[in-house]
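Below are the sequence and a predicted model; questions follow.
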Amino acid sequence: MQRHVDGESRLVTEYYHRLVVIAVVSTPFPIPLGRRFQQPGEGEGECALVLLRALTARLGRRFVDVLVGDALYCTAPVVQAVEALGLDWVFAVEDNQPDLVADVERLTRGLSTAWGREPDRQWQLWHLPAVYWAAADRAVRIVKVAGSPLRDEPGTGEHPTALCGGGRAEPMAN
């Protein structure tokens, strides 16, 4: 790999490891339950599912109330595998699911479900109990939160966050 080192271009070798960790994060100090190194040619989602299957086989579901992950895990194959294990899940919605992002944006243009104000910021929340996710051919629950600072200071803007979820739990009523 070509890198600039001390002002000149050099060929350098970099070593790194990719690994997935599953941890309990509902405690004041996160408790790692397991880790697995990603194998050559294996994607992060595949690696996580291998580890998740091993952990649920060994420990049962008692440590996994809700599986939370970033947008990388918001794919139909990962969701199907997670639900096959009987787990509930919440994953971020981002540009890897462009149709779902477009639907969320379209459906949250109106008034928010809830809003709030804190001393230094305000926020809005939208709850959409059933949004059709075409890539997975199913409905998912969406929660979107957008916040903004009350003072106009550089670097204080916040990006909206959208999460989708599903699993074995019955959908909540509005």
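Yes, it's here.

so where is the protein shaky, pLDDT-wise?
Residue ranges of the chain with pLDDT under 70: 150-159, 168-174.

Distance check, the residue nearest the centre of it against Asp6.
Geometric centre of the chain, nearest residue: Asp70, 2.5 Å, by Cα atoms, centre = their mean. As judged by Cβ to Cβ, to the nearest Å, Asp70 and Asp6 stand 35 Å apart. No exception for glycine: its C-beta is placed from N, CA and C like everyone else's.

Show the residue spans covered by the helices in the protein.
44-59, 76-84, 98-107 (DSSP state H).

Let me have these in a markdown table, adding distance to Val90 and mean neighbour count as columns.
Formatted as a markdown table, the helices of the chain follow (distance: least, Cβ to Cβ, whole Å; neighbours: other Cβ atoms under 10 Å):
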| stretch | distance to Val90 | mean neighbour count |
| --- | --- | --- |
| helix 44-59 | 14 | 16 |
| helix 76-84 | 11 | 17 |
| helix 98-107 | 14 | 14 |
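
Rebuild those helices as TSV, extending it with distance to Ala92.
Shown next, in TSV, are the helices of the chain (distance: least, Cβ to Cβ, whole Å):
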stretch	distance to Ala92
helix 44-59	13
helix 76-84	12
helix 98-107	11
